[in-house]
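Novice: mind folding the following:
(one chain, ligands or ions: 1)
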Amino acid sequence: MNFSGAVKSKLPHVGTTIFSVMTAHANENQAINLAQGFPDFSCSPKLIELVNHYMEKGFNQYAPMPGIISLREKIAAKTEALYGAKYNPDTEITIVPGGTHAIYAAVSAVVREGDEVVVIEPCYDSYVPAIQLNGGRAVFYEMKYPDYSIDWNEVKKLINFKTRMIMINTPHNPTGTVLTDKDMLQLQKILDNTDVVVLSDEVYEHIIFDHNEHQSVARFPKLAERSIIISSFGKTYHTTGWKMGYVLAPENLTREFRKVHQFMAFSANTPIQYALADFIDDADAYLQLNQFYEDKRNYFQKLIKGSNFKLLPCKGSYFQMLNYAKITQERDLDFAVRLTKEHKVASIPTSVFYHKKNDNNVLRFCFAKSNETLEKAAERLMRV
Ligand SMILES: Cc1ncc(COP(=O)(O)O)c(C=O)c1O
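Specialist: Here you go, the predicted structure:
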């Protein structure tokens with residue numbers, strides 16, 4: 001079937017995301033899927049029990065638009081305990097159906113036709129379409145390969161009277177880098193005396209390694225007062241399919257954010273919110289996540305030691321970047337497809353995270369997988 005009218009695409013350059021493409025290749029070739037970022041192990045049975053419990057108790061209708069208050073109150077307490085920042089659960093915290101929804105709603109609430117948004121590349125693939133659909137223009141800064149550092153003085157040069165927003169992401173997908181307190185202070189400095197809003201994507205806040213502390217913008221009052229912080233329960237509780245998250249922002253930004261959120265989704269899943277409000281009491285579930293994933297990172301790195309892939313540093317998130325220049329000079333997309341077909345391991349070519357498709361011969365592998373999966377994948381990668 002085809003619609004006979006004329007539809008001019010609002011996103012002419014966007015096709016099916018690479019995550020779906022590589023997952024399809026993985027399934028077709030019965031390959032191990034280290035491409036898409038999701039755990040292949042289950043979440044806590046206690047959490048499932050709680051969701052069941054609230055469903056059976058009849059908590060199955062619309063939740064309040066900003067989320068149930070008990071969950072918002074507990075998020076406020078958690079944020080204060082971790083980052084020393086006070087967010088008012090009534091006016092500054094919103095429960096949302098996932099981080100991607102929150103990113104879109106935040107951009108839509110803030111960015112107008114002709115506004116510029118500074119995007120730091122490589123970046124999560126929803127950022128730029130969200131800007132474009134809202135009439136904004138993405139202005140790009142490229143992190144410096146191979147350590148993916150950011151020179152904030154160069155970022156500063158991109159900021160002008162048209163700049164409405166800057167998007168940051170720490171721990172970072174796909175590079176596994178994390179921003180330090182020095183980065184945050186420099187960001188704070190370059191935004192001083194501007195009206196720029198920070199969209200701080202912190203969905204991997206609990207996946208940070210080597211005793212580093214997550215530098216949430218919430219820790220920096222001068223940054224927090226201009227920031228919309230995005231957090232995802234999917235990443236923290238191994239439940240990416242539930243699409244649940246929350247947003248922290250000062251009252252005036254939250255007000256505008258909610259105006260959009262209420263017409264995109266109105267509210268997020270009710271029984272899961274009740275379940276999370278109970279489950280969040282167990283601080284170990286998120287505090288031990290760093291070590292859990294650090295062990296996985298270390299294990300994966302150990303398994304592929306001596307292979308022809310070169311490990312790039314991974315300080316956070318559940319992604320390991322591997323440079324394959326020693327193996328071939330093929331384009332990363334071609335090599336990722338060949339690796340899936342011939343060696344039965346699927347990954348993501350990192351050029352897709354750049355608007356200019358920069359190719360550094362690097363693939364991204366997700367290590368949020370069981371040890372058996374990692375062992376099997378590593379065995380195959382060692383033979384490449
Ligand atoms: C950097 C980043 N931001 C946001 C999201 C979206 O989170 P959610 O699954 O809660 O929509 C992801 C998911 O992969 C991500 O990697």
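Novice: residues from this protein in reach of the ligand?
Specialist: Within the chain, the positions lying close to the ligand (Cβ under 6 Å from any ligand atom) are 37, 98-100, 124, 169, 173, 201, 203, 232, 234, 240, 243, 245. No exception for glycine: its C-beta is placed from N, CA and C like everyone else's.
Novice: in the stretch 51-200 of the chain, which spans are helices?
Specialist: Ranges of helices in the stretch 51-200 of the chain, per DSSP state H, counting those that start in this stretch, are 69-83, 99-110, 127-133, 152-156, 181-191.
Novice: which among those helices is found nearest to Glu372?
Specialist: Relative to Glu372, the nearest member of the helices of the stretch 51-200 of the chain by Cβ to Cβ is helix 99-110, separated by 28.5 Å.
Novice: and the closest one, how far from the chain's centre?
Specialist: Between the centre of helix 99-110 and the centre of its chain there are 13 Å (Cα atoms, centre = their mean, to the nearest Å).
Novice: and if you look at stretch 49-69?
Specialist: Remark: stretch 49-69 is offset 25 Å from the chain centroid, using Cα atoms, centre = their mean.
Novice: just the buried residues of it, please?
Specialist: Leu50, Val51, Tyr54, Phe59, Ala63, Pro66, Gly67, Ile68 (16 or more other Cβ atoms under 10 Å).
Novice: distance to Val260 and pLDDT for those residues - can I get that in TSV?
Specialist: Formatted as TSV, the buried residues of stretch 49-69 follow (distance: Cβ to Cβ, whole Å; pLDDT from 0 to 100):
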residue	distance to Val260	pLDDT
Leu50	30	98
Val51	27	98
Tyr54	27	98
Phe59	26	98
Ala63	17	98
Pro66	13	98
Gly67	15	98
Ile68	20	98
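Novice: which one of the residues you listed sits closest to the ligand?
Specialist: For those, the minimum distance to the ligand (Cβ to the nearest ligand atom) is 14.4 Å, reached by Gly67.
Novice: which residue does the stretch 251-384 of the chain bring closest to the ligand?
Specialist: Ser317 (7.5 Å).
Novice: so that residue makes contact with Glu202?
Specialist: No. Counting by Cβ atoms under 8 Å, Glu202 is not a contact partner of Ser317; they are 11.0 Å apart.
Novice: comparing those two, which residue is more hemmed in?
Specialist: Neighbour count, other Cβ atoms under 10 Å: between Ser317 and Glu202, Ser317 has more, with 29 against 25.
Novice: which residues sit in contact with Asn290?
Specialist: Contact analysis of Asn290 by Cβ atoms under 8 Å, 6 or more residues apart in numbering lists His206, Ile207, Ile208, Phe209.
Novice: rewinding a little: so which of the helices of the stretch 51-200 of the chain is the most packed in?
Specialist: Burial of the helices of the stretch 51-200 of the chain is given as mean neighbour count (mean count of other Cβ atoms under 10 Å); helix 99-110 ranks first at a mean of 24.
Novice: only alpha carbons, please: show it as CSV.
Specialist: Output in CSV follows, covering the C-alpha atoms of helix 99-110 (Å, rounded to 0.1, in the frame of the first residue of the first chain):
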residue,chain,number,x,y,z
GLY,A,99,15.4,9.1,27.7
THR,A,100,14.8,9.5,24.0
HIS,A,101,11.3,10.9,24.7
ALA,A,102,12.8,13.3,27.2
ILE,A,103,15.5,14.5,24.7
TYR,A,104,12.8,15.2,22.1
ALA,A,105,10.5,16.9,24.5
ALA,A,106,13.3,19.1,25.9
VAL,A,107,14.5,20.2,22.5
SER,A,108,10.9,20.8,21.4
ALA,A,109,10.3,22.9,24.5
VAL,A,110,13.3,25.1,24.1
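Novice: averaged pLDDT, that helix. What do you get?
Specialist: In this model, helix 99-110 carries a mean pLDDT of 98.
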